[in-house]
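Student: Model the structure of this input:
(chains A and B)
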Amino acid sequence: MEDTEIIELYFNRDERAIKETGQKYGGFCHNLAYHILSVYEDAEECVNDTYLKAWNTIPPQKPPHLQAWLGRVVRNVSLDRWRKNHRKKRYSGMEQLLSELEECIPSSMNVEKRVEDKELTRLLNGWLSKLSTKDCMLFMRRYWLGESVKELAVSCGMNPTELANRMYVLRQKLKKYLEQEGIYE
Amino acid sequence: MSKERAIQLYNSFSNIDDQFVPLMGEKFRHNHMSSLIKKSTAWVAAICLVMFLCGFAIVQLDMFDLWIQTPSQDPVEVVRAAIENQMKKEYAVNIQIHEIKEDESATRRAKQMYIGSDLAKDNQWSDTYLENNLLVVYASYYAEYDHTKTFIPDGEMCQYFFLLRDEKKGTWYIWDNTTNGDPFN
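Tutor: Have a look, this model is predicted:
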């Protein structure tokens, strides 16, 4: 079913909207949540929360790109859960992602004023748009979808070491870019 | 503190522009079970494909390459053919090439960037190889794609293509390219 038709179901308050969303994007949402939380049941609950949020917010919202919108919601829901529970549970996926992303943080950013999330997103958009399609795809799949390096290497036909090095270069590139933007000075 | 910044960076990815989400591919647009089935089918298909096409050069079949390539001894022609070949794709509506030229300055910067880099080591590119066989070609063109069939961005495009030369055959092929804009910013 096309996204527009699914959204129409939400607008008509037709419960098939949830079923169709699950059928089309359930795997995508579950993967995303699982990559963050690495606990099947927790990931499943986050996906259900995402469906509930979709039901409660569409309408009035009308996402122009349903997959991206769902991804955003499931990421936020999973991140909230990670925040709540990470002292009690070992969510290895998120811990690994964060330790990698720490490498992208310019040292001045650790002590200076807080950067607005919106500003950071604007910078990320700018940086990603300058990457090659392949690099952009790799970076997004690792840090947006949270796919593991091993999975990503297999699906891209790359050697895991080669891919890990590529990701390292990209993280350094992002760090340099953030430093050059100078917003943390 | 740097962990908090990493969380903020991770969080900022949630609101990344929708255009980057489809780059991650369509593989998550289905549920878990069909994912497994499709994965197995894809493996069988891939093996058959490799067996069937084993006589072809890998560069012409690179599944991760968005371009339909025609390696040639003329690097400008390689890029021209790749862009013109976009019209062979079912989603292409119109392609108008404005300009394609070798970019000496970008080539110099690319060599500076890649010679001695981790990426060069990973790919076993010697300094001499890159010095003699890396070239950047600039292309500006207008592309129009049917967005009911693809999410690839279109409009007025300015892309830089990174070409490598096969030393044995003497032909150039596209190794990478920017999405739109200057690769060195």
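Student: ranges for the helices of chain B?
Tutor: Per DSSP state H, chain B carries helices over the ranges B:2-13, B:32-52, B:58-61, B:75-84, B:104-114, B:118-122, B:127-133.
Student: Name the surrounding residues that touch the fourth one.
Tutor: Contacting residues not belonging to helix B:75-84 are listed as B:67-72, B:95, B:97, B:100-102, B:135, B:137, B:139, B:141, B:143, B:161, B:163, B:171-174 [CB atoms under 8 Å, 6 or more residues apart in numbering or on different chains]. In short, each C-beta sits where N, CA and C put it, glycine included.
Student: remind me which residues of the chain are low pLDDT?
Tutor: No chain specified, so I'll use chain A. Residues of chain A meeting the criterion pLDDT under 70: A:87-91, A:107-115, A:183-185.
Student: switch to chain B, that's the one I care about
Tutor: In chain B (pLDDT under 70), the answer is B:1-2, B:22-42, B:47-66, B:151, B:181-185.
Student: can you do 90?
Tutor: For chain B, the stretches flagged by pLDDT under 90 are B:1-71, B:86, B:88-92, B:105-106, B:108-125, B:127, B:145-159, B:166-170, B:175-185.
Student: Who are the contact partners of the residue lying closest to residue A:3 once chain neighbours are set aside?
Tutor: Among residues not flanking residue A:3 along the chain, residue A:66 sits closest, at 4.2 Å (CB to CB, 6 or more residues apart in numbering or on different chains). Contact analysis of residue A:66 by CB under 8 Å, 6+ apart lists A:3, A:6, A:7, A:21, A:25.
Student: most surrounded residue in those?
Tutor: With neighbours defined as other CB atoms under 10 Å in any protein chain shown, the most crowded of the contacts of residue A:66 is residue A:25; it has 27 neighbours.
Student: list the helices and strands the helix or strand hosting that residue packs on?
Tutor: Element membership of residue A:25 [criterion: DSSP states H and E] is helix A:16-37. The contact analysis (3 or more CB pairs under 8 Å, 6 or more residues apart in numbering or on different chains; DSSP states H and E) places helix A:16-37 against helix A:3-11, helix A:40-57, helix A:66-85, helix A:92-102, helix B:32-52.
Student: where's that helix relative to the chain centroid, distance-wise?
Tutor: 13 Å (CA atoms, centre = their mean, to the nearest Å).
Student: before we move on, what about stretch B:169-185?
Tutor: 8 Å.
Student: Now that stretch: buried residues?
Tutor: B:171, B:172, B:173, B:174, B:175, B:176, B:177, B:178, B:179, B:180, B:183 (16 or more other CB atoms under 10 Å in any protein chain shown).
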